[in-house]
Structure formats: structure tokens, C-alpha cells
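Colleague: make a model of this:
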Amino acid sequence: MQFVAPELQEEQVPCRFIQLSRDGMTVDSLYRSGTPAESEEALRGWLQYHIHEIEQQIADAKQLKLA
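Modeller: Model prediction:
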């Protein structure tokens, strides 16, 4: 739910409103107008970005612990 805007968290399927790009593309907009390949590419990019962010946070926390 942390990736869903607060005003959209009460939607029936809130995960469809996760913003995948800066231009406002969401999972919902991909379902409506994107091809399966476009959806896969956008979701892959979003996941890779967030995985990298989490890995960086873990590495930073480990560095602080060692200091």
C-alpha cells in the first residue's frame, strides 16, 4: 500500500493505481491501453528500480551498523 497514493487506497483494487513512471502511467492505465509487452517492460523497470532502492537502504544500514 505504500506505493498507492493515499486518496486511491480505498479503491476496490488499489494496486492497479501504483504509479509506474513520472508521466503518470499506472498499472491500471497499462491494463487499459498497453500491450502485454509494454506492461511487462514497465513493471520490470519499476520493480528493478525499487529493488535497487531497497538494496541500497540495506547496504547503507549495514554501513551505519559497522561504523
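
Colleague: quick check, central residue of the chain?
Modeller: The chain has Trp46 as the residue nearest its centroid, 5.0 Å off, counting by Cα atoms, centre = their mean.

Colleague: where do the helices sit along this structure?
Modeller: Taking DSSP state H as the test, the helices found in the chain are 27-33, 36-66.

Colleague: so what does the first one touch, helix or strand wise?
Modeller: Which is helix 27-33. helix 36-66 (3 or more Cβ pairs under 8 Å, 6 or more residues apart in numbering; DSSP states H and E). Where C-beta positions appear, they are placed from N, C-alpha and C, glycine not excepted.

Colleague: can you pull the contacts of Glu10?
Modeller: Neighbouring residues of Glu10 by Cβ atoms under 8 Å, 6 or more residues apart in numbering: there are none.

Colleague: quick one: it and Gln19, what's the gap?
Modeller: Using Cβ to Cβ, to the nearest Å, one gets 17 Å for the distance from Glu10 to Gln19.

Colleague: then Gln9?
Modeller: Gln9 is 13 Å from Gln19, where distance means Cβ to Cβ.

Colleague: more neighbours: these two, which one.
Modeller: Taking neighbours as other Cβ atoms under 10 Å, Gln9 and Gln19 compare with Gln19 leading, 16 against 11.
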